[in-house]
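Peer 1: kindly generate the corresponding structure for this input.
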Amino acid sequence: MVENILTTLPGLTLDRSADLPLHAQLAQALRAGILAGRTPPGTRLPATRTLAAELGIGRNTVADAYDQLIAEGYLEARVGSGTRVAPIAPDMLLTTNAENTPAEDAPPPPLSRRGRDLAGALRPVPPPPGRFGYAFQPGIPAFDAFPLASWTRISARCAKNIRAVGDYSDPDGLADLREAIVAHVKLARGVVCEADQVIVTAGTQAGLDLAARMLIDPQDPVWIEDPGYGGARGAFIGAGANLVPVPVDEEGMDVRTARRMGARPRVIYVTPSHQFPLGMTMSLARRLELLELAEDADAWIIEDDYDSEYRYHGRPLSSLQGLDGGRRVLYVGTFSKTFFPSLRLGYLVVPRDHADAFRKAIRNTGHSAPGLPQLALKEFMAAGHYEAHTRRMRKLYDTRRQMLVDTLHDVAAGTLEPQVREAGMQMPAFLKHRRDDEAMASDLVKRGIAAAPLGRYTLDERNWRPGLMLGFAAVEERFIRPAAETLNAYLEGA
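Peer 2: Predicted structure coming up:
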């Protein structure tokens, strides 16, 4: 039976004055009728001549509309059978049966416990530069002093050699870059390793996450400095660890207190060169004590050497990894502090006996670093730019550090106690009056000050002393005093 389209599409009218052509208007109306179910599958449509007469339009106009819907899959044309509505219209493949669709308010399945814990280990996103530039945002290098011309020139040259890094080879890092890293850490930090022990990662966090996955089983005790780096906490929580916050003193992690806490560690995480966030350097005696403890407990140590390039006075102590000979210490390094955070290049030095396992594992994690930045970094280091840039930044940061210390003593003596350290890109400053440092830091962002609250890094309230982390590396000299005055004015009025 031939369906009378005019009865299935009541009110169908074609507007000859509209911008849309008549055949497109007709196709639109027929399509709507099919999707609404008014013209069901299998319905035979009138011949083009018949429908044209009924609508008062040309036969070719109807034929064009039919052809469009046939091409879209709404109609089928068969010899001897005419034109019919297709059994399944294309849009029906994209829709669901409302009767079988779950209610909109039905909850999804729950996340895993580790997933919920990992999402709860939130690290705030740093704010954009304010009225005083990057004052006093921790962990940000001096963008104004970066050798952009050299880096851009080398990056452009490397981009023309995309065949060298365009495939899936070297998930553990470019061989030449790993060799360059070995030469650097041996000379600068006394790290004992060969190139096959170096895993190049997409930043520090990727290295910590890989280490956590490889070393930690659910509920394993992990000792962490308290206060300490939130990114490490997040990586260990993601691996299901039981975090044990250990207080720090002027020599670093308080090992004797940790021994009395009773939990035999599976992993110990430390920042010995420049404790984050309080800034002290772990003494040699404390390093040896920590290595002895790890030996007794058969525990791993993860040594995060995040900004060891910037030491302003005295000779640096050898890395824990070097003192241990690389047996049970994993060494984490980054280029974010010497270049810029979005470079996302770091590295992990692993014990020789497990190097092959780590190289295989990184293929399954997505933590490998992109090839093009690796190639550019290798060329940058080979040309001597890396060492020259680090030396210049060490001098610049020392100048900015001392300027900040002098300014705080001058304008904020009644509100802050800056803790002058011999290394790093930021310094802690304790509040002279016990207050909610996290609320204060939030208020300061509105005034162009991006200091970080020490409370953000503390797990056990007994280890908390209210204060602010003041980054100085990225603060241009012209902003240091006005930013410090704004900070002090707020603290005095709070």
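Peer 1: thought residue 474 was touching residue 132?
Peer 2: No: with contact defined as Cβ atoms under 8 Å, residue 474 and residue 132 do not form a contacting pair (10.6 Å). Just so you know, the C-beta spots here come from the backbone N, C-alpha and C atoms, and that holds for glycine as well.
Peer 1: the two: which is more packed in?
Peer 2: residue 474 (26 against 22; other Cβ atoms under 10 Å).
Peer 1: what's the spacing between the more buried one and residue 272?
Peer 2: Remark: distance between residue 474 and residue 272 (Cβ to Cβ, to the nearest Å) = 24 Å.
Peer 1: how long is stretch 340-357 end to end?
Peer 2: Counting by Cα to Cα, to the nearest Å, you get 30 Å between the two ends of stretch 340-357.
Peer 1: now the residue nearest to the spatial centre of the chain: how far from residue 370?
Peer 2: Centroid-nearest residue in the chain: residue 205, 7.6 Å away (criterion: Cα atoms, centre = their mean). Separation of residue 205 from residue 370 (Cβ to Cβ): 15 Å.
Peer 1: then residue 170?
Peer 2: Plainly put, residue 170 is 11 Å away from residue 370 if you go by Cβ to Cβ.
Peer 1: list the buried residues for the helix ranked longest in the chain?
Peer 2: Taking DSSP state H as the criterion, the chain has its longest helix at helix 385-411. Judged by neighbour count (16 or more other Cβ atoms under 10 Å), helix 385-411 contains these buried residues: 385-386, 389-390, 393-394, 396-398, 400-401, 403-405, 407-408, 411.
Peer 1: secondary structure class of residue 361, three-state.
Peer 2: Here residue 361 is helix, with the state taken from DSSP: H, G, I helix; E, B strand; the rest coil.
Peer 1: for residue 171, see how far away it is.
Peer 2: Taking Cβ to Cβ, one finds residue 361 at 10 Å from residue 171.
Peer 1: contacting residues for residue 424?
Peer 2: Neighbouring residues of residue 424 by Cβ atoms under 8 Å, 6 or more residues apart in numbering: 274, 279, 307, 310.
Peer 1: and the buried ones among those residues, selectable in ChimeraX?
Peer 2: A single ChimeraX command selects the buried members of those (16+ other Cβ under 10 Å):
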select :274,279,307,310
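Peer 1: just the contacts of residue 424: which are in helices?
Peer 2: The members of the contacts of residue 424 all map outside helices under DSSP H.
Peer 1: per-residue confidence for the residue nearest to the centre of the chain?
Peer 2: Note on residue 205: pLDDT of 93.
Peer 1: the stretch 51-200 of the chain: strands as residue ranges?
Peer 2: Listed from the start of the chain, the stretch 51-200 of the chain has strands (DSSP state E, counting those that start in this stretch) covering 75-78, 82-85, 198-201.
Peer 1: show me what the longest helix of the chain is packed against.
Peer 2: Helix 385-411 sits against helix 148-159, helix 371-382, strand 416-418, strand 426-431, helix 477-493, with contacts defined as 3 or more Cβ pairs under 8 Å, 6 or more residues apart in numbering; DSSP states H and E.
Peer 1: angle of the second one against helix 148-159?
Peer 2: This points to helix 371-382. In terms of direction (axes from the mean of the first three to the mean of the last three Cα atoms, to 10 degrees), helix 371-382 departs from helix 148-159 by 130 degrees.
Peer 1: so where's the stretch 351-494 of the chain shaky on pLDDT?
Peer 2: 494 (pLDDT under 70).
Peer 1: ok, residue 484 - contacts?
Peer 2: Residues near residue 484 by Cβ under 8 Å, 6+ apart: 404, 407, 408, 411, 412.
Peer 1: setting aside sequence neighbours, what's the nearest residue to it?
Peer 2: Spatial nearest neighbour of residue 484, chain neighbours left out: residue 407 (4.6 Å); criterion: Cβ to Cβ, 6 or more residues apart in numbering.
Peer 1: residue 378 too?
Peer 2: Closest to residue 378 by Cβ to Cβ, 6+ apart is residue 177, at 4.2 Å.
Peer 1: gap between that neighbour and residue 373?
Peer 2: From residue 177 across to residue 373, the span is 10 Å (Cβ to Cβ).
Peer 1: so the two - more neighbours on which side?
Peer 2: With neighbours defined as other Cβ under 10 Å, residue 177 and residue 373 compare such that residue 177 has more, 26 against 22.
Peer 1: report the buried residues of the longest strand seen in the chain.
Peer 2: Counting by DSSP state E, the longest strand found in the chain is strand 242-249. Residues 243, 244, 245, 246, 247, 248 are the ones in strand 242-249 that count as buried (16+ other Cβ under 10 Å).
Peer 1: ok, the third one to residue 257 distance?
Peer 2: The one in question is residue 245. 11 Å.
Peer 1: relative to residue 426, how far out is the nearest residue to residue 485 once chain neighbours are set aside?
Peer 2: Distances taken as Cβ to Cβ, 6+ apart place residue 411 nearest to residue 485, at 5.4 Å, with adjacent residues excluded. With distances taken as Cβ to Cβ, residue 411 is found 19 Å from residue 426.
Peer 1: just give me the closest of the contacts of residue 484 to residue 450.
Peer 2: Nearest to residue 450 among the contacts of residue 484 is residue 404, at 14.1 Å by Cβ to Cβ.
Peer 1: pretty sure that closest one contacts residue 427?
Peer 2: Yes: using Cβ under 8 Å, residue 404 makes contact with residue 427 at a distance of 7.3 Å.
Peer 1: so what sits against both of these two?
Peer 2: 418, 470, 472.
Peer 1: and the residue in the chain sticking out farthest from the centre, how far from residue 148?
Peer 2: Residue farthest from the centre of the chain, counting by Cα atoms, centre = their mean, is residue 53 at 65.7 Å. Distance of residue 53 to residue 148, computed by Cβ to Cβ: 74 Å.
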